[in-house]
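Engineer: sequence-free structure coming up:
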């Protein structure tokens, strides 16, 4: 049985300077929420070294401890993936310079993916064909409504499970459909 909790792990989301990146600021706010009133339902941490985070962020703006979940060995990496997969809900973010390469395993995870509806990038994975409330639960691009959308998922658990199943089918069809080798080449 999966934890009824929303999880996010990720990088700072930008190649540029922190002050120019709204994505970085939005992620800082998301992590900050997991230390506030939402801490029992949201587990959000940066998956970077403390040094990298401190080089991009003003440490006065948020607590220093617990901001990062940095795997330092192969065992830690396995534990990291096991931990994420133990959650019923996963937030998928898109960096300000590339697509989210984790979407494939997230859609196959049997967890419900929450992600912004606006996609800045598209790839062979055909992100433009994802449908809100069909393949994922849409959230605001600044992550300001994650608590509200998590509440919707909890109150509509059967619908949320159906969304997860459809996301899995999307990936399955993309990779294993009898004509996918011709269509994806």
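Structural biologist: Perfect, I can see it now. None of these values were measured; they are calculated from a predicted model. Numbers count the residues shown, from 1 in each chain.

Engineer: residue boundaries of the strands in the protein?
Structural biologist: Secondary structure of the chain (DSSP state E): strands at 3-10, 42-46, 87-91, 112-116, 137-139.

Engineer: These: which one's closest to residue 81?
Structural biologist: Ranking the strands of the chain by proximity to residue 81 (C-beta to C-beta) places strand 3-10 first, at 9.7 Å. (Each C-beta comes from the backbone N, C-alpha and C, glycine too.)

Engineer: what is the mean pLDDT for that closest one?
Structural biologist: The average pLDDT within strand 3-10 is 92.

Engineer: Next one: the residue positioned nearest the centre of the chain from residue 37, what distance?
Structural biologist: For the chain, the residue sitting closest to the mean C-alpha position, by C-alpha atoms, centre = their mean, is residue 92 at 2.3 Å. Distance of residue 92 to residue 37, computed by C-beta to C-beta, to the nearest Å: 23 Å.

Engineer: Next, count neighbours for the residue nearest to residue 40 when sequence neighbours are not counted.
Structural biologist: Distance criterion C-beta to C-beta, 6 or more residues apart in numbering; nearest residue to residue 40, sequence neighbours excluded, is residue 5 at 7.9 Å. Using other C-beta atoms under 10 Å, residue 5 is surrounded by 16 other residues.

Engineer: Just confirm residue 5 contacts residue 44, I think it does.
Structural biologist: No - look at residue 5 against residue 44 with C-beta atoms under 8 Å: they stay out of range, at 10.5 Å.

Engineer: which residues touch residue 29?
Structural biologist: 142, 143, 144 (C-beta atoms under 8 Å, 6 or more residues apart in numbering).

Engineer: Show the contacting residues for the last one.
Structural biologist: Residue 144 is in contact with residue 29, counting by C-beta under 8 Å, 6+ apart.

Engineer: Quick check: phi and psi on it?
Structural biologist: phi -70, psi -20 (degrees, to the nearest 10).

Engineer: For residue 29, see how far away it is.
Structural biologist: 8 Å.

Engineer: again, but for residue 89
Structural biologist: 18 Å.

Engineer: Around residue 161, how many other residues sit close by?
Structural biologist: 14.

Engineer: Skipping adjacent residues, who's closest to it in space?
Structural biologist: Nearest one to residue 161, counting by C-beta to C-beta, 6+ apart, is residue 112 at 7.5 Å.

Engineer: got the contact list for the one you found?
Structural biologist: 88, 89, 90, 136, 137, 153, 160, 161, 163, 164.

Engineer: I am finished for the moment; much appreciated.
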